[in-house]
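K.L.:
Attaching a predicted model along with its sequence, questions to come.
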Amino acid sequence: MQTFDLIQPDDWHLHVRDGDFLKTVVPHTAEQFARAVIMPNLKVPLTQTQDALAYKERILSNVPKHLSFEPLMTLYLTDHFKPSEIAAAKEQGIVALKLYPAGATTHSDLGVTDIKRIYPVLDAMQRHGLLLLVHGEVTDPSVDIFDREAVFIDRYLEPLRKDFPALKIVFEHITTQQACEYVKSADQGLAATLTAHHLLLNRNAIFKGGLRPHYYCLPVLKRETHRMALLEAATSGDRRFFLGTDSAPHLATLKEHASACAGCYTASVAMSLYASAFEAAGRMDQLERFASLNGPAFYGLEKNTKRLRLQKQSFEVQAEYPFGEGALKPLFAGETLEWSAHLMA
């Protein structure tokens, strides 16, 4: 297979940062994806609708004029989020709220300390049809970092789903066999996003030839058995699994650091990476469903009308990009990928 055409995909989990950083990263996504769910964990978290809408305008101002791209905005849940704000958020186009357990990942210190505290908010979300996006890891220091996702399912996600059966939930960037099995066993109110790096890599990548900080992300890469389970889920055709890059740009100086930031930057080559994973599994026939159809169906949105072409044309991943006053290094920098992606006229 030398070319593969599909409905233009969407990215259902994306970080783009803010300010001058937008100039670099927004075009990378807009060149491949029609829409993206924008994460709200800026340095000052987006807890107010007006702030999220202002952020949307800043993102749109960095979309190249020849491209069409829609940021789908979210809000950041805190212990003090008011249920009364949900109706207005829905009316003004907010698509979801994000649950970060406090301290779980980048800029999550103001996240939720006890899920019970936001039960009134979750009830309002359920009534108004706003989705809940979940970073599914416990932060209990007694739980091994490789077990935090599995423990989260039993300790928090299962009780939450029983208490709010009509609340649509996206279990984001899942990384374990347990999460795959849990989503498969659930009803249609639960879905999950899968990143390209978790489909392609296991935890050995972090330590290959030394400590490699650009492969460090949260949730952290897991064992090969988990990677294989993720790949099977992504390529299965199950409508509950869809694309979410969790592309997370950081200055190279903050990645190559004694306390490296968590996150892999994949936006610039996202569809090339997903194509590589699906081709390796022998399931290119399921890529369009995963990348272009399942996400819109779960969010209740129309599928896109434009098309994207993947072409078997090898290229070398750019070593770095200008990023504010520093540099941004993508995952697989300097390595060769076999599939190139281009929007069709």
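P.N.:
That came through, no problem.
K.L.:
Name the next helix or strand downstream of the helix or strand containing Lys162, please.
P.N.:
Assigned by DSSP states H and E, Lys162 belongs to helix 158-163. Per DSSP H and E, the first helix or strand lying C-terminal to helix 158-163 is strand 169-171.
K.L.:
Poorly predicted segments of the stretch 1-150 of the chain, please.
P.N.:
For the stretch 1-150 of the chain, no stretch is flagged by pLDDT under 70.
K.L.:
Which stretches in it count as helices?
P.N.:
Here the stretch 1-150 of the chain has its helices, by DSSP state H, counting those that start in this stretch, at 22-30, 49-60, 86-91, 119-128, 148-152.
K.L.:
And for Leu211, the neighbour number?
P.N.:
For Leu211, the number of neighbouring residues by other C-beta atoms under 10 Å comes to 10. Placement of C-beta: from N, CA and C, glycine included.
K.L.:
actually Ser61, sorry about that
P.N.:
A total of 10 residues lie near Ser61 under the criterion other C-beta under 10 Å.
K.L.:
follow-up on the earlier one: can you name the residues in contact with the helix holding Lys162?
P.N.:
With contact meaning C-beta atoms under 8 Å, 6 or more residues apart in numbering, helix 158-163 is reached by 115, 119, 122, 167, 169, 186, 189-190.
K.L.:
buried ones in it?
P.N.:
Buried residues in helix 158-163, defined by neighbour count with 16 or more other C-beta atoms under 10 Å: 160-161.
K.L.:
so how far is it off the chain centroid?
P.N.:
Relative to the centre of its chain, helix 158-163 is centred 23 Å away, using C-alpha atoms, centre = their mean, to the nearest Å.
K.L.:
which strand in the protein runs the most residues?
P.N.:
With secondary structure taken from DSSP state E, the chain has its longest strand at strand 307-316.
K.L.:
That one packs against which elements?
P.N.:
Applying 3 or more C-beta pairs under 8 Å, 6 or more residues apart in numbering; DSSP states H and E, one finds that strand 307-316 contacts strand 3-7, helix 270-280, strand 336-343.
K.L.:
do you know which of those lies nearest Thr305?
P.N.:
strand 3-7 (7.9 Å; C-beta to C-beta).
K.L.:
now the helix or strand that the longest strand of the chain is followed by: how far from the chain's centre is it?
P.N.:
Read in the C-terminal direction, the helix or strand following strand 307-316 is strand 321-323, with elements assigned using DSSP H and E. Remark: strand 321-323 is offset 21 Å from the chain centroid, using C-alpha atoms, centre = their mean.
K.L.:
Could you list the buried residues of strand 321-323?
P.N.:
Of the residues in strand 321-323, those with enough neighbours to count as buried (16+ other C-beta under 10 Å) are 321, 323.
K.L.:
How about stretch 284-299?
P.N.:
For stretch 284-299, the neighbour count (16+ other C-beta under 10 Å) marks 284, 286-299 as buried.
K.L.:
Produce a PyMOL select command limited to the buried residues of the contacts of helix 158-163.
P.N.:
Written as a PyMOL command, the selection of buried residues from these, which uses 16+ other C-beta under 10 Å, is:
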select buried, resi 115+122+167+169+186+189+190
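K.L.:
Kindly present the contacts of helix 158-163 as CSV, with separate columns for distance to Glu325.
P.N.:
Converted to CSV, those look like this (distance: C-beta to C-beta, whole Å):
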residue, distance to Glu325
Ile115, 39
Tyr119, 44
Leu122, 41
Leu167, 42
Ile169, 39
Ala186, 45
Gly189, 45
Leu190, 42
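K.L.:
Give me whichever of the helices and strands packed on strand 307-316 is most buried.
P.N.:
helix 270-280 (a mean of 23; mean count of other C-beta atoms under 10 Å).
K.L.:
related to what we said a few turns ago, may I ask which two of the contacts of helix 158-163 are separated the most?
P.N.:
In the contacts of helix 158-163, two members sit farther apart than any others by C-beta to C-beta. They are Tyr119 and Ala186, at 20.1 Å.
K.L.:
Let me know the average pLDDT across the longest strand of the chain.
P.N.:
Model confidence over strand 307-316 averages 98 on the pLDDT scale.
K.L.:
Mind listing the strands it pairs with, and their directions?
P.N.:
The partner list of strand 307-316 in its sheet, established with DSSP bridges, is strand 3-7 (antiparallel), strand 336-343 (antiparallel).
K.L.:
export those to a markdown table and tack on distance to Ala260?
P.N.:
What follows is these, written out as a markdown table (distance: least, C-beta to C-beta, whole Å):
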| stretch | distance to Ala260 |
| --- | --- |
| strand 3-7 | 35 |
| strand 336-343 | 24 |
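K.L.:
just to revisit the earlier point, for the longest strand of the chain, which positions count as buried?
P.N.:
With burial defined by 16+ other C-beta under 10 Å, the residues of strand 307-316 counted as buried are 308, 310.
K.L.:
what about the strands in the stretch 151-300 of the chain?
P.N.:
Across the stretch 151-300 of the chain, reading from the start of the chain, the strands by DSSP state E, counting those that start in this stretch fall at 169-171, 190-194, 241-243.
K.L.:
Just confirm Ile59 contacts Leu22, I think it does.
P.N.:
Yes - counting by C-beta atoms under 8 Å, Ile59 sits close enough to Leu22 to count as a contact (6.2 Å).
K.L.:
what sits in contact with each of these two?
P.N.:
Between them, Ile59 and Leu22 share the contacting residues Val16, judged by C-beta under 8 Å, 6+ apart.
K.L.:
Thr139: neighbour count?
P.N.:
Using other C-beta under 10 Å, the number of residues around Thr139 comes to 16.
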